[in-house]
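Trainee: return a 3D structure for these sequence lines:
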Amino acid sequence: VVGFTFILSPVLFTNISEVIRQLTAQNSDGHLGASGLGWGGNLAYYATDFASSGGLALVLFAVVGVVWAVRMRRVEAVPIAIGVVYWVVISALSLHWSRWGLPMYATAVLFAALGVYGAWIWVRDSQTPWVRSAGRWVVGALAALAGLSLLMGSVAQVAYARDTDTRIA
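Mentor: Numbering: from 1, shown residues only. Predicted coordinates:
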């Protein structure tokens, strides 16, 4: 995460004093993007923004992924949890922007992938025959729905970005 952040914006590391000055100067209620939501409101803003983009199935799998990773003590989930720390820290700012949520949204998608795997394992290892048979269909259908939702949202965003700007036309 630190390496990719450096690749995307090296100035965040090379001119840290200016970054801190800009953050403190722009972190006020009078700045565009600051609506006085507070820490909990900003947490909810980012969660709602992700849920509206990802859909209910993806949110469900993300929650299952977090629970599964904690219960199974999956150490590979520890680096993914950096996005959760980022979410908590960035929500302390007065400002909130959708684009700032990218690391936490990627975290939720990665936890959703773990959730699909965890749900599949739970269904596969279930002692109840009807859970094993019907569960495969349910997990598969929900995973396909989540994937299709992400794909269609991405296609729509690309189409919108490639379209001619009406101000220019």
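
Trainee: chain neighbours aside, what residue packs nearest to the residue most central in space within the chain?
Mentor: When the chain is reduced to its mean C-alpha position, the closest residue under C-alpha atoms, centre = their mean turns out to be Tyr105, at 1.4 Å. Nearest residue to Tyr105 in three dimensions, chain neighbours excluded: Phe50, at 5.1 Å (C-beta to C-beta, 6 or more residues apart in numbering). All C-beta spots, glycine's among them, are computed from the backbone N, C-alpha and C.

Trainee: Val64 versus Gly3, what's the distance?
Mentor: 29 Å (C-beta to C-beta, to the nearest Å).

Trainee: compare the two and say which is more crowded by neighbours.
Mentor: Counted by other C-beta atoms under 10 Å, Gly3 and Val64 do not tie: Val64 has more neighbours, with 21 against 7.

Trainee: ok so, going back, check which helix or strand covers the residue nearest to Tyr105.
Mentor: helix 38-54 (DSSP states H and E).

Trainee: and the helix or strand following that helix, what's buried?
Mentor: Helices and strands here follow DSSP H and E; after helix 38-54, the next one along the chain is helix 56-71. Residues 57-62, 64-66, 68-69 are the ones in helix 56-71 that count as buried (16 or more other C-beta atoms under 10 Å).

Trainee: okay, the angle between helix 56-71 and helix 38-54?
Mentor: Counting by axes from the mean of the first three to the mean of the last three C-alpha atoms, to 10 degrees, helix 56-71 lies at 120 degrees to helix 38-54.

Trainee: can you tell me how far Pro103 is from Val89?
Mentor: Pro103 sits 11 Å away from Val89, going by C-beta to C-beta.

Trainee: swap that for Phe50, please
Mentor: 17 Å.

Trainee: between these two, tell me which one has more neighbours.
Mentor: Counted by other C-beta under 10 Å, Phe50 and Val89 do not tie: Phe50 has more neighbours, with 21 against 9.

Trainee: give me the below-cutoff pLDDT ranges for the protein.
Mentor: 1, 28-35 (pLDDT under 70).

Trainee: just the helices from this protein, written as ranges.
Mentor: Assigned by DSSP state H, the helices in the chain fall at 2-8, 11-14, 16-26, 38-54, 56-71, 77-80, 82-90, 102-124, 129-162.

Trainee: contacts for the fourth one next, please.
Mentor: By C-beta atoms under 8 Å, 6 or more residues apart in numbering, the residues outside helix 38-54 that reach it are 35, 37, 59, 62, 87-88, 90-93, 96, 98, 101, 104-105, 108-109, 112, 146, 149-150, 153.

Trainee: I'm done for today, thanks for sticking with me.
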